[in-house]
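>>> Predicted structure and sequence below. I'll ask about it afterward.
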Amino acid sequence: MDKKMNDLDIAEIPYESGVIHFRYSRYLANDGSRWVRHGLFRAFHENGSLASEGTYVDGVEQGNWIDYHENGAVAAKGAYDKGLEVGEWAFWGADGMRQC
C-alpha cells in the first residue's frame, strides 16, 4: 500500500455553530508545509444535509462530483480530470427542474 494511504488523517472543519462543514481525508506533504486532500471529500450545509461530494487525488479533484441543494435535491453533476472540469455538467434548481 502507498505510504500516504497509511498516513491519511480525517479532517472535520465545523461552521461557527459547531456543525460539520467539511469532512475529508488528507495527508501531510513530504516537506510538512501543508495538508493535501486525498480521498473522499464531503461538504455539508449548516442544516447538516450533504452539500457536495467527490474525490481528491493528491490535492486535485478527480472523477465524479455531485452538489446538492439544502433540501437534498441534486444541484449539479459533473466530473473532473486532474482538477479540470471535463465533459458535460448538468444543473438543477432546488425544485428539481433542469437548468441550462
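Cool, got the structure.
>>> how close does the closest residue to residue 39 other than its chain neighbours sit to residue 71?
In space, and not counting its chain neighbours, residue 39 is closest to residue 25: 3.7 Å by C-beta to C-beta, 6 or more residues apart in numbering. (Glycine included, C-beta is placed from N, CA and C.) Applying C-beta to C-beta, to the nearest Å, the value for residue 25 to residue 71 is 28 Å.
>>> In terms of neighbours, single out the busier of the two.
A count of neighbours by other C-beta atoms under 10 Å puts residue 25 above the other of residue 25 and residue 71, at 17 against 12.
>>> What backbone torsions are found at that one?
Dihedral angles of residue 25 (phi, psi; degrees, to the nearest 10) stand at phi -90, psi 150.
>>> can you give me how far stretch 73-86 is from the chain middle?
10 Å (C-alpha atoms, centre = their mean, to the nearest Å).
>>> Quick one: mean pLDDT over that stretch.
Summarised as a single mean, pLDDT over stretch 73-86 is 98.
>>> Could you list the buried residues of it?
Across stretch 73-86, burial judged by 16 or more other C-beta atoms under 10 Å covers 75, 78-80.
>>> ok, now stretch 52-60?
Going by neighbour count (16+ other C-beta under 10 Å), the buried part of stretch 52-60 is 52, 54-56.
>>> so where's this structure uncertain?
By pLDDT under 70, the low-scoring segments of the chain are 1-6.
>>> where do the helices sit along it?
With DSSP state H as the criterion, the chain has helices at 3-6.
>>> in the sheet, who's paired with residue 41?
For residue 41, the beta-bridge assignment (DSSP bridges) gives partners residue 24, residue 54.
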